[in-house]
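Asks: Fold the following for me, if possible:
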Amino acid sequence: MTSTLSYIATIILALSVFYFGNFVATEGKDERGQQILGKASIWTYVLVTVGFVSTIIMEATADLSVEELIDVLTIMYGLLAFVHSLLIYSFKKQF
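Replies: Predicted coordinates:
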């Protein structure tokens, strides 16, 4: 099950990175784009910290194999990239 979610998260990660790169190349250089990237990055930093703590707690409470841990990290990173792109999209609508 986690392996399937890991593959889905990898696809989401690729699409999110493409959206982020496209935004940086087209709109990220002006002042408005810098504000959007700054706000999205602040929220993403908070989520990275929450994800790190969650991973530590998960590893301490559950006996995960290396493959399961890699799947969990892939899913978390895919979700993180998706949320970052979603924040950019929503801040783009606000500003």
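Asks: Leu15: which element?
Replies: Using DSSP states H and E, Leu15 falls within helix 2-26.
Asks: quick one: low-confidence parts of the chain?
Replies: 1-2 (pLDDT under 70).
Asks: which residue ranges form the helices in it?
Replies: Secondary structure of the chain (DSSP state H): helices at 2-26, 31-61, 66-94.
Asks: Kindly reformat those helices as JSON lines containing mean neighbour count.
Replies: The way it works is simple: take the backbone N, C-alpha and C, and place the C-beta from them, glycine included. Formatted as JSON lines, the helices of the chain follow (neighbours: other C-beta atoms under 10 Å):
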{"stretch": "helix 2-26", "mean neighbour count": "14"}
{"stretch": "helix 31-61", "mean neighbour count": "13"}
{"stretch": "helix 66-94", "mean neighbour count": "16"}
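Asks: quick one: contacts of the helix holding Leu15?
Replies: Helix 2-26 has contacts (C-beta atoms under 8 Å, 6 or more residues apart in numbering) with 33, 36-37, 68, 70-72, 74-75, 77-79, 81-82, 84-85, 88-89, 92.
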